[in-house]
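Trainee: quick one, structure for this:
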Amino acid sequence: MPAQRTGSPVPGATPPRRSAFVEGVRQVRAAVTTEPGRLRLIGAVLAALIVAFGAVTAWQMTDRAAAADDVLHRSQPLSSGSADIYRSLADANTAASSGFLAGGQETTASRARYEADIRTAAAKLVTAAANSEPGSPSEAAVAKLNKLLPEYKGLVERAGVYNRQGYPVGGAYLRYANEKMEKEMLPAAEDLYTKENARLSSDYADATPYPWAAIALGLLALLALGWAQLRHYRRTNRVLNHGLVAASAATVVTLLWLVVGHAFARAGLDDSYDHGVRSLNVLHDARIASLKARGNENLSLVSRGAETVTVDGQTYDAYYYDFDQDMDALGKGLAQAAALADDAAGSRPVQAAEGNMKVWKERHADARTEDENGDYQAALDKVIGAKGATGECFDSVDANLKNALAHEEGEFRERATDGRDAMSGLPIGAAMLGVAAASGALFGIGRRLSEYR
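Mentor: Prediction:
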């Protein structure tokens, strides 16, 4: 009897079972060899593409709408709030030095301004703490400021007590308080401001990118629907399939809504940054420079030359030197703000502040001359006097910058709101239209399948 060849089937033996995957492939291959099978596969692919388009559109636009809402209601207000913390602290320092110079003649208005600044800083710190991520650098900066603020207040109060009693040590306490403010508190406030600005930039970066994945899926779904209708026409000689036409129309509407809506949203958000956030940042910096300049101007009379600095081999009064640096920063900031202002309402207060700054410089030069000539009282009158003093110029600069900030804040809100609103309803609308388009495609394919029954 000849030997049986290896691998040849044994008569009567059960053939080996195929794996589930292989069996599934075989059934699909068998199904698509018939027109009904091919139609079912086409319907499934069309529905999957359309649903994926609607889902990805809803997902991407939900994320962008949420980021745009954060820009409007969270990160930008927190950024401005952190700038207000810095401004309040710097203004409190300025008010404290003005009150010290007045001695026993400190006005109620000066004291009220100092107290209001301290309350504002404390309240803004509470808001910043509530919105800081646990363990974040912002939380650390807020905690540091909350610790330093009572210490600073204690030093200012002690300086005032000794000053009213006529003890020279009061000036030392005020300089120590100023040093704590300048070297510890304001850098911490600036760090907080920088971190909140970084959060704002991150929210803009999340809100403005084009939804390329959704756009690509939308175009792919349209191409697939166009191919399906062309195939339908070639096989049936019928121009239209109502279900496929409805699916195509819904997909086109969704894609146009996505592209146009996001374009308007992006334009609004870009405008809110270019004509709102950038101007606000420059104006905040200019206002802070004016506050620091005023504080250094006051402290130059408090120290009476006790603090000096050497630059390029030449010795200067430290506070007069810092005043000049701050005024240079103020001038540059106002020039940038004027260049960024895009309407008369925004440019008027900036131009007025520039005029105030020029008069301030002139009056300050006169006060410095009196101080250097040894006439301390004349210099004091030109700085904190009731009329014609540099304090009037500082108050005018500060008031005009406050008006400019209010205007730019309104510009930001208007344009950011337009950007956010351009995306309103798009996530839900895309999902609903996606379901409608998928249903239309399945209906159209179903009508074609019914012809084979």
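Trainee: C-alpha only now, for contacts and for neighbours.
Mentor: Fine.
Trainee: right, and Ser347 touches Ala335 too?
Mentor: No. Counting by C-alpha atoms under 8 Å, Ser347 stays clear of Ala335, with 10.4 Å between them.
Trainee: settle it for me: which of the two has more neighbours?
Mentor: Taking other C-alpha atoms under 10 Å, Ser347 and Ala335 do not tie; Ser347 has more neighbours (19 against 16).
Trainee: dump the residue contacts of Ala365.
Mentor: With contact set as C-alpha atoms under 8 Å, 6 or more residues apart in numbering, Ala365 has no partners.
Trainee: next SSE after the helix or strand where it lies?
Mentor: Assigned by DSSP states H and E, Ala365 belongs to helix 344-372. Moving toward the C-terminus from helix 344-372, the next helix or strand (DSSP H and E) is helix 376-384.
Trainee: right, and the helix or strand after that following helix?
Mentor: helix 390-421.
Trainee: that following helix to helix 376-384, inter-axis angle?
Mentor: 20 degrees (axes from the mean of the first three to the mean of the last three C-alpha atoms, to 10 degrees).
Trainee: and helix 390-421, what does it pack onto?
Mentor: helix 35-70, helix 242-272, helix 278-303, helix 344-372, helix 376-384 (3 or more C-alpha pairs under 8 Å, 6 or more residues apart in numbering; DSSP states H and E).
Trainee: give the buried residues for the first one.
Mentor: Counting neighbours by 16 or more other C-alpha atoms under 10 Å, one finds that the buried residues in helix 35-70 are 36-43, 45-47, 49-62, 64-70.
Trainee: got any ranges where this protein has weak pLDDT?
Mentor: Within the chain, the stretches with pLDDT under 70 are 1-33, 103-107, 305-306, 453.
Trainee: again, only using 50
Mentor: The model of the chain has pLDDT under 50 over residues 1.
Trainee: give me the most central residue, it.
Mentor: Most central in the chain under C-alpha atoms, centre = their mean is Leu200, positioned 2.0 Å from the mean C-alpha point.
Trainee: find the nearest non-adjacent residue to that residue, please.
Mentor: With sequence-adjacent residues excluded and distances taken as C-alpha to C-alpha, 6 or more residues apart in numbering, Leu200 is closest to Ser75, at 4.9 Å.
Trainee: A helix includes that neighbour, no?
Mentor: Yes. Under DSSP: H, G, I helix; E, B strand; the rest coil, Ser75 falls within a helix.
Trainee: now do the same contact list for it.
Mentor: So Ser75 contacts 196-197, 199-200, 203 (C-alpha under 8 Å, 6+ apart).
Trainee: hmm, who's touching stretch 127-136?
Mentor: Residues contacting stretch 127-136 (C-alpha under 8 Å, 6+ apart): 78, 81-82, 138-139, 142-143.
Trainee: can you pick the most crowded of these?
Mentor: Ser82 (27 neighbours).
Trainee: go ahead and measure how far the helix or strand containing it is from the middle of the chain.
Mentor: Following DSSP H and E, one finds Ser82 within helix 76-102. Chain-centre distance of helix 76-102: 22 Å, with C-alpha atoms, centre = their mean, to the nearest Å.
Trainee: packing partners for that helix?
Mentor: By 3+ C-alpha pairs under 8 Å, 6+ apart, helix 76-102 packs against helix 108-130, helix 137-164, helix 186-207, helix 278-303, helix 376-384.
Trainee: can you do 6 Å?
Mentor: Contact here means 3 or more C-alpha pairs under 6 Å, 6 or more residues apart in numbering; DSSP states H and E; on that basis helix 76-102 packs against helix 108-130, helix 186-207, helix 278-303.
Trainee: which parts of the helix holding Ala365 are buried?
Mentor: Quick answer for helix 344-372 (16+ other C-alpha under 10 Å): 346-351, 353-354, 356-357, 359-360, 363-364, 366-368, 370-371.
Trainee: quick one: distance of it to the chain centre.
Mentor: That offset, for helix 344-372, works out to 32 Å (C-alpha atoms, centre = their mean).
Trainee: repeat that for stretch 324-340.
Mentor: 23 Å.
Trainee: and the contacts of that stretch?
Mentor: Identification of contacts with stretch 324-340 by C-alpha atoms under 6 Å, 6 or more residues apart in numbering yields 279, 282, 286, 289, 293, 347.
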